[in-house]
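Colleague: Got a predicted model here, sequence first, then my questions.
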Amino acid sequence: MLCMLHIENIAIIQQADIVFDKGFNVLTGETGAGKSIVIDAISAILGERTYRDVIRTGAQKAFVSAIFQNVPNFSWFADNQVEYNKEELLIQREIFLDGKNLCRVNGRPVTVANLRKLGLQLINIHGQHDSQQLFDESYHLQYLDRFAQNEVLRDQFGASFLEVCRLKEEISHLSMDEAEKARRMEMLQYQIQEIEAAKLRPGEDEELEKRRKILQNSEKLVSGLEETLIALCGDESANGASSLLAEASRSLGYLARLDGSLAPMEAQLNDFLYGVQDIGESLKDLRNELAFSEEELEQLEARLDLLHKLRRKYGSTSDEMLAYLEKAREELDEIVFAEDKIAQLSQELESAMQAALKDADKLHKSRLEAAERLAEQVKEELAQLDMPKVRFVCQFTATPLSANGIDSVAFLMSANAGEALKPMNKVASGGELARIMLALKNVLAEQDAVGTLIFDEVDAGVSGHAAQKVAEKLASVAKRKQVLCVTHLPQIAAMADCHLLITKAERDGRTFTSVEPLDFEGRKKELARVIGGAIITPTTLKSAEELLRR
């Protein structure tokens, strides 16, 4: 459950610490005091999308953090390498003016997307706009699948349907008219012949570039090598290092026979001599290879020119051009043998369709069974919400195979006795819609592990006896889960285990919002304000006290 919420520099809230209790928590206050800002702050720590305009004017960033207790050990923690602590879960989020977000869970940085995955398992927020989803039949199937706990069946069907789509796409790719096929074959044959005629070798372009550089600089290289060889090996006019080292070795060898301590130096000198001789031989071989050939250079330039022309069409290197050649050959084979391939894929598609239809039928049967239970439970909930005559059904319509299976589902209802079943947007008033959504939320809440439910002004259009029933229902839900409710109804506020008052005030030309828990007297005054408006009279105070004690 959510225990504490800390807010800094979000809209008109400069700083606030809000402590929530288990059970039923309500937030009340004047319109515009900042109740929705508190819900926005909670949404932020759940990974919902936020914008930099939530940052308080003049501040560089906004910050919100929350502490949860007794959170189950979701697989999310292991998947994201975040340490799990049953006693306390700390979530922090910073929102910067440049649009960047920094999120942490138990001190470890996580992405906003991963934070949202965790948030979906912690809190379920229901706002006024959610009630409008009941008017949109595209959401009804989602509600039914959630109630039926069809995640495994949906995943299984989704994999089957994805295979059907893949095979259809591949068949479509291979299917072309004869004129298009002929044009494509002619183009591929020309490209294949052009590349094959070049007789490319892997890495050839790099080898040729290196050889051209050597040939272009061969005169300088040969001249330099000659000078080096003269210094090492000598010529007719002078001895080189090799001759001098040999002479020194002979002299030192004679001396070493007279004085044995010189033997190590003789051996070292001989090593130098052999090394110089080896280098000399290697340089002679290289010099002989560097004999400049104008004809070789011309041939090399012609070859590089051909490769350059091919590179503009088929790839920046010889390796890429060879890869293009292989791809072209494969595509040509595909076209030549397209009919055979299409026949094979069609057989595979038929099998895949049968598998997908089988999985879709399992999903359909699960939905049918769940629809009856959902209708009964929703009707029971609505009876407790002062709608005893309501009828509620899930209407199924068969559809061609799609990403949702073979079903289309619409919720139909009749709010009054004798009325025909119709779509909700045809029969439900605002107050009825709020109670229907509350009933549906309560039924769905039994199916998941979310520990906290938030209702943001879902009591719109509800009053009188119906308001009392809604209050009792929220209090009943709060016995099993933590409930946070933003409300303007005294009947709901009076049922709270924890009542938080949100107020705003102006200081030094700036607006500030504060949140404070109320004791009995504070609750009595706030309920009197909700009942009677700005002017609180002894009568409204008495009514508020009676409501609280009842």
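Modeller: That came through fine. All of these numbers come straight from a predicted model, not from anything done at the bench.
Colleague: So which residues of the stretch 451-550 of the chain form strands?
Modeller: Counting by DSSP state E, counting those that start in this stretch, one finds strands in the stretch 451-550 of the chain at the ranges 452-456, 482-486, 498-507, 510-517.
Colleague: Could you pull out the buried residues of the longest one?
Modeller: Buried residues in strand 498-507, counting neighbours by 16 or more other CB atoms under 10 Å, are found at 498-502, 504. Any C-beta I mention is one placed from the backbone N, CA and C, and that applies to glycine too.
Colleague: cool, the last one as well?
Modeller: Buried positions in strand 510-517, judged by neighbour count with 16+ other CB under 10 Å: 511-515.
Colleague: Using CSV, list the CA coordinates for it.
Modeller: Output of strand 510-517 as CSV, limited to C-alpha atoms (Å, rounded to 0.1, in the frame of the first residue of the first chain):
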residue,chain,number,x,y,z
ARG,A,510,2.7,33.3,-5.1
THR,A,511,0.1,30.5,-4.7
PHE,A,512,0.9,27.7,-2.3
THR,A,513,-1.0,24.4,-1.7
SER,A,514,-0.9,22.5,1.5
VAL,A,515,-2.3,19.1,2.6
GLU,A,516,-3.2,18.3,6.2
PRO,A,517,-4.9,15.4,7.9
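Colleague: Given that strand, what are its sheet partners and their directions?
Modeller: strand 498-507 (antiparallel) (DSSP bridges).
Colleague: Report the angle between the strand it pairs with and strand 482-486.
Modeller: Inter-element angle recorded for strand 498-507 and strand 482-486: 40 degrees (by axes from the mean of the first three to the mean of the last three CA atoms, to 10 degrees).
Colleague: Quick one: distance of strand 498-507 to the chain centre.
Modeller: Its chain's C-alpha centre and that of strand 498-507 lie 37 Å apart, by CA atoms, centre = their mean, to the nearest Å.
Colleague: can you tell me the distance between the two ends of stretch 250-269?
Modeller: End-to-end distance of stretch 250-269 (CA to CA, to the nearest Å): 10 Å.
Colleague: Which positions in that stretch come out as buried?
Modeller: Buried residues in stretch 250-269 (16+ other CB under 10 Å): 252, 256, 262, 266, 269.
Colleague: likewise stretch 192-200?
Modeller: For stretch 192-200, by 16+ other CB under 10 Å, it's 192, 195, 198, 200.
Colleague: for residue 189, what are its contacts?
Modeller: The neighbourhood of residue 189, defined by CB atoms under 8 Å, 6 or more residues apart in numbering, consists of residue 332.
Colleague: Quick check: the farthest pair among the buried residues of strand 498-507?
Modeller: 498 and 504 (20.6 Å; CB to CB).
Colleague: name the helices or strands packed onto the helix or strand containing residue 153?
Modeller: Here residue 153 is covered by helix 151-174, with elements defined by DSSP states H and E. Secondary-structure packing of helix 151-174 (3 or more CB pairs under 8 Å, 6 or more residues apart in numbering; DSSP states H and E): helix 338-384, strand 391-402.
Colleague: Which element is encountered next along the chain beyond the strand or helix carrying residue 280?
Modeller: Per DSSP H and E: residue 280 is located in helix 263-289. Counting by DSSP H and E, the next helix or strand C-terminal to helix 263-289 is helix 294-314.
Colleague: Mind giving me the packing neighbours of that following helix?
Modeller: helix 178-198, helix 204-216, helix 318-336.
Colleague: could the ones you listed be laid out in a markdown table, adding mean pLDDT and distance to residue 296?
Modeller: A markdown table is the format used below for the helices and strands packed on helix 294-314 (pLDDT from 0 to 100; distance: least, CB to CB, whole Å):
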| stretch | mean pLDDT | distance to residue 296 |
| --- | --- | --- |
| helix 178-198 | 86 | 19 |
| helix 204-216 | 81 | 7 |
| helix 318-336 | 89 | 20 |
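Colleague: export these to a markdown table and tack on distance to residue 36?
Modeller: Shown next, in a markdown table, are those (distance: least, CB to CB, whole Å):
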| stretch | distance to residue 36 |
| --- | --- |
| helix 178-198 | 58 |
| helix 204-216 | 65 |
| helix 318-336 | 57 |
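Colleague: Could you point out which of the ones you listed sits nearest residue 358?
Modeller: Comparing the helices and strands packed on helix 294-314 by CB to CB, helix 318-336 comes nearest, at 30.7 Å.
Colleague: how about residue 402, what does it touch?
Modeller: Listed by CB under 8 Å, 6+ apart, the contact partners of residue 402 are residue 161.
Colleague: Against residue 193, how distant is it?
Modeller: As judged by CB to CB, to the nearest Å, residue 402 and residue 193 stand 46 Å apart.
Colleague: Give me the buried positions along stretch 425-439.
Modeller: 427-428, 431-439.
Colleague: next one: stretch 28-46
Modeller: Neighbour count says stretch 28-46 has 28-29, 33-46 buried, by 16+ other CB under 10 Å.
Colleague: Which of the helices and strands packed on helix 151-174 sits closest to residue 468?
Modeller: Across those, closest to residue 468 is helix 338-384 (CB to CB), at 11.3 Å.
Colleague: any idea how far that closest one is from the chain center?
Modeller: Using CA atoms, centre = their mean, the offset of helix 338-384 from its chain centre is 27 Å.
Colleague: and the helices and strands packed on helix 151-174 as JSON lines, adding distance to residue 20 and mean pLDDT?
Modeller: Converted to JSON lines, these look like this (distance: least, CB to CB, whole Å; pLDDT from 0 to 100):
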{"stretch": "helix 338-384", "distance to residue 20": "25", "mean pLDDT": "92"}
{"stretch": "strand 391-402", "distance to residue 20": "33", "mean pLDDT": "93"}
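Colleague: got TSV for those, with distance to residue 241 too?
Modeller: Listed next are those as TSV, based on distance: least, CB to CB, whole Å:
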stretch	distance to residue 241
helix 338-384	72
strand 391-402	86
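Colleague: tell me the contacts of the most centrally placed residue in the chain?
Modeller: Nearest to the mean C-alpha position of the chain, counting by CA atoms, centre = their mean, stands residue 113 at 4.9 Å. With contacts defined as CB under 8 Å, 6+ apart, the neighbours of residue 113 are residue 47.
Colleague: which secondary structure element contains it?
Modeller: helix 112-119.
Colleague: Same question for that helix: list its buried residues.
Modeller: Judged by neighbour count using 16+ other CB under 10 Å, the buried positions of helix 112-119 are 112, 114-116, 118-119.
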